[in-house]
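requesting a structural model of the entry that follows:
(one chain, ligands or ions: 1)
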Amino acid sequence: MTATILDQIFAHKRTEVERQKLKIPQAKLEQQLGTAPKPRSLRQALRQPDRISLIAEVKKASPSKGVFLENFNPTELAETYASNGAAAISVLTDVRFFQGSLIYLRSIHEHLDKLGYATPLLRKDFLYDPYQIYEARVSGADAILLIVGMLDDQTLHELYQLTYGLGMEALVEVHTEDEMTRAQALQAQIIGINNRDLHSFSVDLATTQRVSASLPAIGDPQRPVLVAESGIHGPEVLPTLREWGVDAILVGESIVLAPDHAAHVRALSQNEHRA
Ligand SMILES: O=C(O)c1ccccc1NCC(=O)[C@H](O)[C@H](O)COP(=O)(O)O
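All right, here's what the predicted structure looks like:
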């Protein structure tokens, strides 16, 4: 049987993490916690009564589509996002398949901090080991991604607890109704529904509507912050997503491919409506 790209990503991630642990042991990361920047709340940034918030992604490449941006400048891109209304910024840190880096996360944090932007940063990667949560925290992440489909319940629970224990928040990503049940059992406060099937890469926006059906009703204080992820091209879909109770969208490809990044970020961020 041939390994899918997702299998290859997971296999390589394990090698990468083990190699990294030899370079910088976890104990060393733990020592750095005292001087790491204080995390900002992703949840607060995303739940706005009058609009759908934008998490804009710093995405140079993807395993399904290859390189999007040849002249890729992560700090410049993040500045464009922050200055044009993005509520939060997702930074892909996977090296091999997305051409991302933890160094980008650190430099974006420092750059935005210098400019006075407090936009929360999400470490977007395939996280399965506590080591990666410490790495995220000392590199300036305010939140991390946990993909339910790649974790057993015990690991999911442990990583979730560690994340909040370190002062960060987790975007808990699901793609199916079963995964949503597991995210709800975790009492996840921020749930992302990925419209992209990570096995076939096919994208269907209706996944958000279908998979969110079991959440508490819109307006119920128990309802988690709901993020629709992937496959969002323009602001024309925002009214529909609003009807489905979506609080935020996570967008990468359509922003980095837009001829004018700033204009596209503004178009996706400025969608005020009556609360
Ligand atoms: O983007 C991919 O092709 C991909 C392939 C395999 C695993 C994950 C993948 N993407 C990660 C993401 O979740 C997206 O980067 C993110 O949701 C933004 O999606 P888009 O707006 O469609 O770039």
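
please count neighbours and contacts with C-alpha atoms only from this point.
Will do.

got the residues of the stretch 101-250 of the chain near the ligand?
Selection of the stretch 101-250 of the chain residues close to the ligand by CA under 6 Å from any ligand atom yields 198, 229-232, 250.

by neighbour count, which of these wins?
Using other CA atoms under 10 Å as the neighbour test, these are led by residue 229, with 24 neighbours.

am I right that that one is in contact with residue 192?
Yes: counting by CA atoms under 8 Å, residue 229 touches residue 192, with 6.3 Å between them.

coming back round to it: now the residues of the stretch 101-250 of the chain next to the ligand in TSV, with secondary structure and pLDDT?
As requested, these are exported to TSV (DSSP: H, G, I helix; E, B strand; the rest coil; pLDDT from 0 to 100):
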residue	secondary structure	pLDDT
198	coil	87
229	strand	98
230	coil	98
231	coil	97
232	coil	98
250	strand	98
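
nearest to residue 143, of the residues you listed?
Within those, the smallest distance to residue 143 is 13.7 Å, found for residue 250 (CA to CA).

can you pull the phi/psi pair for the closest residue to residue 120 other than its chain neighbours?
The shortest distance from residue 120 to any non-neighbouring residue, by CA to CA, 6 or more residues apart in numbering, is to residue 88 (4.9 Å). The phi/psi pair for residue 88 (degrees, to the nearest 10) reads phi -150, psi 160.

got the contact list for residue 267?
234-235 (CA atoms under 8 Å, 6 or more residues apart in numbering).

if we go to 7 Å?
Contacts for residue 267 (CA atoms under 7 Å, 6 or more residues apart in numbering) come out as residue 235.

next: the one 5 residues further on.
Residues touching residue 272, when contacts are defined by CA under 7 Å, 6+ apart, comprise 50-51.

so when I look at it, I'm seeing a helix, right?
No: the assignment for residue 272 (DSSP: H, G, I helix; E, B strand; the rest coil) gives coil, which keeps it out of a helix.

and the helix or strand hosting residue 82, what does it pack against?
Of the helices and strands defined by DSSP states H and E, residue 82 is found in helix 74-83. Here helix 74-83 touches strand 53-58, helix 102-115, helix 261-269, going by 3 or more CA pairs under 7 Å, 6 or more residues apart in numbering; DSSP states H and E.

8 Å - rerun?
Here helix 74-83 is seen to pack against strand 53-58, strand 88-92, helix 102-115, helix 261-269 when contacts are counted using 3 or more CA pairs under 8 Å, 6 or more residues apart in numbering; DSSP states H and E.

is the ligand contacted by the shortest one?
Think strand 88-92. No: Strand 88-92 lies apart from the ligand when judged by CA under 6 Å from any ligand atom; the minimum separation is 7.5 Å.

elements contacting that strand?
Partner elements for strand 88-92 (3+ CA pairs under 8 Å, 6+ apart): helix 42-46, strand 53-58, helix 74-83, strand 121-124.

tell me the strands beside that strand, with direction?
strand 53-58 (parallel), strand 121-124 (parallel) (DSSP bridges).

turn those strands into TSV, including mean neighbour count.
TSV is the format used below for those (neighbours: other CA atoms under 10 Å):
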stretch	mean neighbour count
strand 53-58	28
strand 121-124	28
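
could you dump these into TSV with mean pLDDT added?
Formatted as TSV, the strands paired with strand 88-92 follow (pLDDT from 0 to 100):
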stretch	mean pLDDT
strand 53-58	98
strand 121-124	98
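
let me see the ranges of the helices in this protein.
Remark: helices assigned in the chain by DSSP state H are 5-23, 26-32, 42-46, 74-83, 102-115, 130-138, 153-165, 177-185, 206-211, 238-243, 253-257, 261-269.

now the third one: mean pLDDT?
pLDDT averaged over helix 42-46 equals 98, rounded to a whole number.

in that helix, which residues are buried?
Using 16 or more other CA atoms under 10 Å as the test for burial, helix 42-46 gives 42-43, 45-46.

do the same with the first one
The neighbour-count criterion (16+ other CA under 10 Å) identifies 5-6, 9, 13, 17 as the buried residues of helix 5-23.
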